[in-house]
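> curious how this folds, go ahead:
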Amino acid sequence: MQPFPWWTEEQIAFAKEVREFVKEVAPMDAATRWTREFPYEIYKKIGEKGFMGAAIPKEYGGLGLGATGACILAEEMHTVMPGIGRIVVGNMNGGVRQIVEAGTEEQKRKYLPAIASGEIGAVVITEMTAGTDAAGLTLTAKKEGSNYILNGKKRFIVAAGVAERYFVYARTSDDPVDFKKRKHVTAFLLKKGTPGFTCEKLNEILAFENVQNGSLDFQDVVIPESDRVGEEGEGWKIMMAGLNFERTVIASGTIGWQRLLLNNAVPYSQRRVQFGKATSDIPANQDKIADLVIRLKISRIAVYYTAWLWDREEDVSIEASAIKAYGAEITLESAKQATQIMGGDGVNRFYPVQNIYEVAKTEHVAGGTVEACRMVIFRNCLKMMKEDIQMPRRVIDEKLGVPVPAVGSVANKLAVSEENLLAVLAEDYRINPGLHMTLEDIKEYVDTDDVALEKAIVGLEGKGDVMVLRNKKGIQLVKATYDGLNKANPKEYYRWFPTWATEDRIF
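Prediction:
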């Protein structure tokens, strides 16, 4: 995989260095997947190399390679090591971005150098009642003097038990107003070995052979105020920023998995003989291989474009969720096709394709479900892409009598009145018979403010001339009723037939 033109010389050199490193430790990763051991030795070597400092600024002991560097590390790690790559991603997201963006200077100098040198970390969000609904946290953090006392449980925590540092989100308010404003969550840093903080259970997770995952228990765990990240009640904002970074890096890991699929399925098909020829000569397999390449190329461009936006400090709320969901889904689909290409060996643990099949499905859940990603995309697109997503204005062509695109804005707007409003709604019926109009749609034709417009709408509603849809903010959509249409124009005004329609075919 070639570097992108916008990569710096440092980032290009970093990619080469990591690529050579993973080849050296890949046998160790494979062995620990069979023995189910956590690969401490690999992590020690990663720490010695300083790779975990990819996204950490140089002044705090990192490499200063930004989100792009973090993505390079995740991609290259996943190309030969399905297991340890996931832990690397989890460690990089184990508070790195949150500390960099929201931590105090003291916290940055205390924690970031240790992370850069390979200290294992974990993000602690999921609970019995909080998963995709991350706001539903029940782990409490009660303020007592200069400390917080934490009580509760967490589950599905990657690196549980082996991590040295835990980035914990807890509930600090039960006020319904705070909950509504997402001001009820606070972020904390917690070290392994803190009294009352224990690992309760280790889970058997699909494809996590040498990746530890488990549940945590907090019983009167004391965390000093100095280890609170951000102000009290800012945890939700910090969490969302952290998840955006995590999803970006997770997506870069799926690129590595796709490369690993290619590196197995293609050479395998070139060497596997069926029906007197190599299976790579079978057209059905050639189609599948082409699909593997298409997905890899497209996803790689999307991921590193998002990382580039990160490094420009732009809002990537939509892009991060998009590439995470896309990466998980296309990697699973590619794993299915690679399995078909390799037949029985595709589901044989002696080849890594089977492992990618499993881990790609796990990635549909980890770091936020693909459904949650889509929910984030939907909500953000309505706000962030408002100017890009506009209902095209159309008008009735005078000669054809059909809707055509309108050029420019309305030159002479109508004064606000019930009569003019009904005329606009009636004309829209001819253009969009099955749609209501928004207040903004109406204001393209009527010179008015919201107060005067709503007054006119309510007046027409009282006469039965319009139907109104309301939400919690007030009037949302409006449309003329049958009676309203008849008041606005004679019946013939709305009639239209194509030129081929003869008298005997209409009435």
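
> would you put the C-alpha positions of stretch 187-207 in CSV?
Output of stretch 187-207 as CSV, limited to C-alpha atoms (Å, rounded to 0.1, in the frame of the first residue of the first chain):
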residue,chain,number,x,y,z
ALA,A,187,-14.6,11.5,33.0
PHE,A,188,-11.8,10.1,35.3
LEU,A,189,-8.4,8.5,35.1
LEU,A,190,-7.9,5.5,37.3
LYS,A,191,-4.8,3.3,37.8
LYS,A,192,-4.7,-0.4,38.2
GLY,A,193,-4.3,-1.5,41.9
THR,A,194,-6.5,1.3,43.3
PRO,A,195,-8.2,-0.1,46.4
GLY,A,196,-11.8,-1.3,45.7
PHE,A,197,-11.1,-1.5,41.9
THR,A,198,-11.1,-5.1,40.7
CYS,A,199,-11.6,-7.2,37.6
GLU,A,200,-14.8,-9.2,38.1
LYS,A,201,-14.9,-11.5,35.1
LEU,A,202,-13.1,-12.3,31.8
ASN,A,203,-15.3,-12.9,28.8
GLU,A,204,-15.0,-15.3,25.9
ILE,A,205,-15.4,-12.8,23.0
LEU,A,206,-15.6,-13.8,19.3
ALA,A,207,-12.1,-13.6,17.7
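
> pLDDT on that stretch, on average?
Taken as a whole, stretch 187-207 has a mean pLDDT of 94.

> who's in contact with Tyr304?
Residues near Tyr304 by CB atoms under 8 Å, 6 or more residues apart in numbering: Phe4, Thr68, Cys71, Ser252. Placement of C-beta: from N, CA and C, glycine included.

> swap the cut-off to 6 Å and go again
Residues near Tyr304 by CB atoms under 6 Å, 6 or more residues apart in numbering: Phe4.

> that one and Val96: what is the separation?
Tyr304 sits 19 Å away from Val96, going by CB to CB, to the nearest Å.

> swap in Tyr148?
For Tyr148, the distance to Val96 equals 22 Å [CB to CB].

> which of those two has more neighbours?
Counted by other CB atoms under 10 Å, Tyr148 and Val96 do not tie: Val96 has more neighbours, with 29 against 22.

> report pLDDT for the more buried one.
At Val96, the model reports a pLDDT of 88.

> again, but for Thr140
For Thr140, the model assigns a pLDDT of 96.

> partners of it in the sheet?
Asn151, Arg171 (DSSP bridges).

> do Ile396 as well
When assigned by DSSP bridges, Ile396 has beta-bridge partners Pro403.

> what count of nearby residues applies to it?
Residues near Ile396, counting by other CB under 10 Å, number 14.

> please apply the same query to Pro352.
Using other CB under 10 Å, Pro352 has 22 other residues around it.

> can you check Lys455 too?
Using other CB under 10 Å, Lys455 has 12 other residues around it.

> assumed it was part of a strand.
No: using DSSP: H, G, I helix; E, B strand; the rest coil, the secondary structure at Lys455 is helix, not a strand.

> in this protein, where is pLDDT below threshold?
The chain contains residues with pLDDT under 70 at 131-132.

> grab the longest helix from it for me.
For the chain, the longest helix by residue count, based on DSSP state H, is helix 235-271.

> so after that one, what's the next helix or strand?
strand 273-274 (DSSP states H and E).

> ok, then the element right after that following strand?
strand 277-278.

> run me through the strand neighbours of that next one, direction for each.
Using DSSP bridges, the strands paired with strand 277-278 are strand 273-274 (antiparallel).

> which ones are touching the residue nearest the centre of the chain?
Centroid-nearest residue in the chain: Ser321, 1.6 Å away (criterion: CA atoms, centre = their mean). Going by CB under 6 Å, 6+ apart, Ser321 touches Arg247, Cys373, Val376, Ile377.

> how does it look with 10 Å?
Applying CB atoms under 10 Å, 6 or more residues apart in numbering, we find Ser321 in contact with 243-244, 247-248, 251, 367-368, 370, 372-380.

> against Ala130, how distant is it?
Distance from Ser321 to Ala130, by CB to CB: 19 Å.

> how much space between Glu358 and Gly434?
As judged by CB to CB, Glu358 and Gly434 stand 46 Å apart.

> which residue is the nearest non-sequential neighbour of Phe167?
Closest residue in space to Phe167, ignoring its immediate chain neighbours: Gly95 at 3.5 Å, by CB to CB, 6 or more residues apart in numbering.

> check which helix or strand Lys201 maps to.
Counting by DSSP H and E, Lys201 is part of strand 197-202.

> tell me the strands beside that strand, with direction?
Sheet pairing of strand 197-202 (DSSP bridges) gives strand 213-224 (antiparallel).

> how is this structure divided into domains?
Per automatic domain parsing, the domain ranges recorded for the chain read 238-384, 394-505.

> pick the most deeply packed of those.
Stretch with highest mean neighbour count among the domains of the chain: domain 238-384 (a mean of 19; mean count of other CB atoms under 10 Å).

> that domain: how far from the chain's middle?
Domain 238-384 has its C-alpha centroid displaced from the chain centroid by 14 Å (CA atoms, centre = their mean, to the nearest Å).

> and stretch 136-154, what's buried?
Leu137, Leu139, Thr140, Ala141, Asn147, Tyr148, Ile149, Leu150, Asn151, Gly152, Lys154 (16 or more other CB atoms under 10 Å).

> redo those residues as a markdown table? Include distance to Ala325.
Below are the buried residues of stretch 136-154 laid out as a markdown table (distance: CB to CB, whole Å):
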| residue | distance to Ala325 |
| --- | --- |
| Leu137 | 24 |
| Leu139 | 27 |
| Thr140 | 32 |
| Ala141 | 31 |
| Asn147 | 40 |
| Tyr148 | 34 |
| Ile149 | 38 |
| Leu150 | 32 |
| Asn151 | 34 |
| Gly152 | 30 |
| Lys154 | 24 |
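
> need the strands for the stretch 51-200 of the chain, in chain order.
121-124, 140-144, 147-158, 165-171, 185-191, 197-202 (DSSP state E, counting those that start in this stretch).

> from what I see, Val410 and Ile442 are in contact.
No: using CB atoms under 10 Å, Val410 makes no contact with Ile442, being 11.1 Å away.
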